Every structure is written in C-alpha cells, then in structure tokens.
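# sharing a model that was predicted from the sequence below.
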Amino acid sequence: MAEPTLITPNGSSIPQLAFGLYKVPANEEGEAIILDAVKAGYRHFDTASYYGNEETLGKALKSSGIPRDQFFIVSKVWNDAQKLGRAAVRQSVEQSIEYLNFGEYYDLFLIHWPVPNYFVETYRELELLRGEGKIRHIGLSNFSPSEYEELMASHNNITVPPVVNQFEVSPFMYRPRDVEYFQRSGLLVSSSKALHRGEGFDHPTIIEISKRHNITAAQVVLRWGVQKGVVVVAKTSNFGRMVENRDILRLSLSQEEMDKLDAITTEKAVSEREMLEKERKTQM
C-alpha cells in the first residue's frame, strides 16, 4: 500500500509518516537506527540543530544508496541563533546543511520555538534562504494561533507563507481548536510526541481498541493521527516496532473509536501543557 502524502499549500507533497530524530545518538548506533528506519520504509526524517545529530542523519541516508530526492528531510533553527540575530540564523541553517552533507538543501526548515521579539526576523531570514534554494519550504514549531497571527500581520510583509506548524498532538494532548485553526489557515499540522513517549498506553480506551483490532497501542495512537490528517512523527530504536508503526495503513478506526480517543485528553492536561509552553516562551 502506497504511503499517504499530505499536500502543502504550494502543491508539494510530504510523506505523512515521519521518523523523529530526538535523542537518536550522534554515533554509529544512531546511524544504524536511521538505516533501520530506511529499511522499514521511512523517507521523511525530522531532526533539529538542537538534537545534534544532523551529521549522523546525513551519513546514514547517504550510505543507504537511495537518491537524495527520494527523502524529505526536516530540521529546525534553535532559540540561541534567533536571539543573536539574522546573521546567526543564516549561519545556523548553513551549518545544518554542511552537517547533513547530503545534497545542498533541506526540504523543510522550521522555527523550533517562537522566541518573543525575534521570530519575525528569523522568519524573514528563512525566506531569503528559501530564495537561494537552501531550504525548499518554511515551517513553524510550537506556535500558538496568536503567534502565527503576529507573524502574518500585514506590516511584516511575509511573502512566503509557512506550510506547517509542528506541535504536540496525540490522543493524550489533543487541542482540536488549534489543529483546526491551522488547518483552516492553510497549514499542515505535524505532531510532535505523536506516541506521547509511550505514556498512557495502558489507558482503557487504548487497550479496548487495540484488542478489538488485534494491534498494538502504538498502532492505535498513530492510526488516530493519520485519520486526523496530521503528519505523524514517531521514533523507536527497535526495528520490529518501526515496521509495526508503519503497518497502520491497512487499518481504519470507526468514528466512534476516534471520538473515544479524542476524549482521552483532559482539560487539566491541556491547561498544564499550555502553562508549560507559556513559561518556556517567557524564559527564552
């Protein structure tokens, strides 16, 4: 079965199933994990300058023998570069390209966090880098609707709109108003922590649905994300689980099951997450 793709506002396609690189070690062990992900079928890889493994990713993908244009590679510019100004943002992106050393571009580059008073200028520099062919698409990460509106305010003269906003989305942290807001605004939504770091898999609803379909808890959670129409970013170092995590395209959850999964998220969990995000942004 062909992997589903999502279409960006400018007509490009993004593989919906992504392999996340957070905490993948920057050594031979990390290369082996990435090569296993390639073997399992992943072609969309999500890293960041903050993760420190862009070079490891590039080495692994090059050694796979698969052409660069068969991969969709994402990275992110970290907060410290933003605060140092546009020249530092440019240097950070160019360093990420040098570390990757697999082609001379990234398919998508995100602003990792909207650092107050700096993210607009960061975005403007990414626009220039896109014009130079060093990045093909620009995206956001951890932006709230109000921060997105601040970015897109007419006086900022943004000429290349972002194609995606990545933030935490799973049955355990589902904020439908935010997801629907960005989708209505023409952005794809990418789900960080799509597996909620494996926490909550013992929830009665997850267990009930996994038993009904004879699938794993992770497959239930990932299939939910696919049916929500978001990019699903998942990570595991176990090859068998990589294969399982991709073996969700033959599945289909009923609307009743989707509704039950939607209801797992509590108001308390959302409130705590939003408070944490606010605190992080205040301290940047």
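Cool, got the structure.
# what does the lowest-mean-pLDDT helix or strand in the chain contact?
None of the helices or strands of the chain scores lower by mean pLDDT, DSSP states H and E than helix 267-283, at a mean of 92. The contact list for helix 267-283, computed with CB atoms under 8 Å, 6 or more residues apart in numbering, reads Trp113, Pro114, Val115, Pro116, Asn142, Ser144, Glu168, Phe172, Met173, Arg175. Where C-beta positions appear, they are placed from N, C-alpha and C, glycine not excepted.
# please flag which of these sit within strands.
Residues of the contacts of helix 267-283 located in strands (DSSP state E): Glu168.
# how many other residues sit next to Thr159?
When neighbours are counted by other CB atoms under 10 Å, Thr159 registers 9.
# what sits closest to it if chain neighbours are left out?
Glu127 (6.4 Å; CB to CB, 6 or more residues apart in numbering).
# wasn't that neighbour part of a helix?
Yes: under DSSP: H, G, I helix; E, B strand; the rest coil, Glu127 falls within a helix.
# any buried residues in the least confident helix or strand of the chain, and which?
By neighbour count with 16 or more other CB atoms under 10 Å, helix 267-283 contains the buried residues Arg273, Glu277, Lys281.
# likewise stretch 43-58?
Buried, per 16+ other CB under 10 Å, within stretch 43-58: 43-49, 51-58.
# what about these, which are in helices?
Glu54, Glu55, Thr56, Leu57, Gly58 (DSSP state H).
# which among those residues gets closest to Ser237?
Proximity of these to Ser237 (CB to CB) peaks at Thr56, which lies at 13.2 Å.
# burial of Ile97, as a residue count?
If you count neighbours by other CB under 10 Å, Ile97 ends up with 21.
# looks to me like it is in a strand.
No: counting by three-state DSSP, Ile97 falls outside a strand, being helix.
# residues in contact with it?
Neighbour list for Ile97: Glu104, Tyr105, Tyr106, Lys134 [criterion: CB under 8 Å, 6+ apart].
# same check on Leu222?
With contact taken as CB under 8 Å, 6+ apart, Leu222 is in contact with Leu17, Ala194, Leu195, Val232, Ala234, Asn245, Ile248.
# before we move on, back to that, I would like a ChimeraX command selecting only the buried ones among the contacts of helix 267-283, please.
In ChimeraX syntax, the buried subset of those is picked out as below (16+ other CB under 10 Å):
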select :113,114,115,142,144,168,172,173,175
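# just send the contacts of helix 267-283 back as JSON lines, with pLDDT and distance to Ser75 too.
Output for these, formatted as JSON lines (pLDDT from 0 to 100; distance: CB to CB, whole Å):
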{"residue": "Trp113", "pLDDT": "97", "distance to Ser75": "14"}
{"residue": "Pro114", "pLDDT": "97", "distance to Ser75": "17"}
{"residue": "Val115", "pLDDT": "97", "distance to Ser75": "17"}
{"residue": "Pro116", "pLDDT": "96", "distance to Ser75": "22"}
{"residue": "Asn142", "pLDDT": "96", "distance to Ser75": "15"}
{"residue": "Ser144", "pLDDT": "96", "distance to Ser75": "22"}
{"residue": "Glu168", "pLDDT": "96", "distance to Ser75": "19"}
{"residue": "Phe172", "pLDDT": "96", "distance to Ser75": "26"}
{"residue": "Met173", "pLDDT": "96", "distance to Ser75": "23"}
{"residue": "Arg175", "pLDDT": "96", "distance to Ser75": "25"}
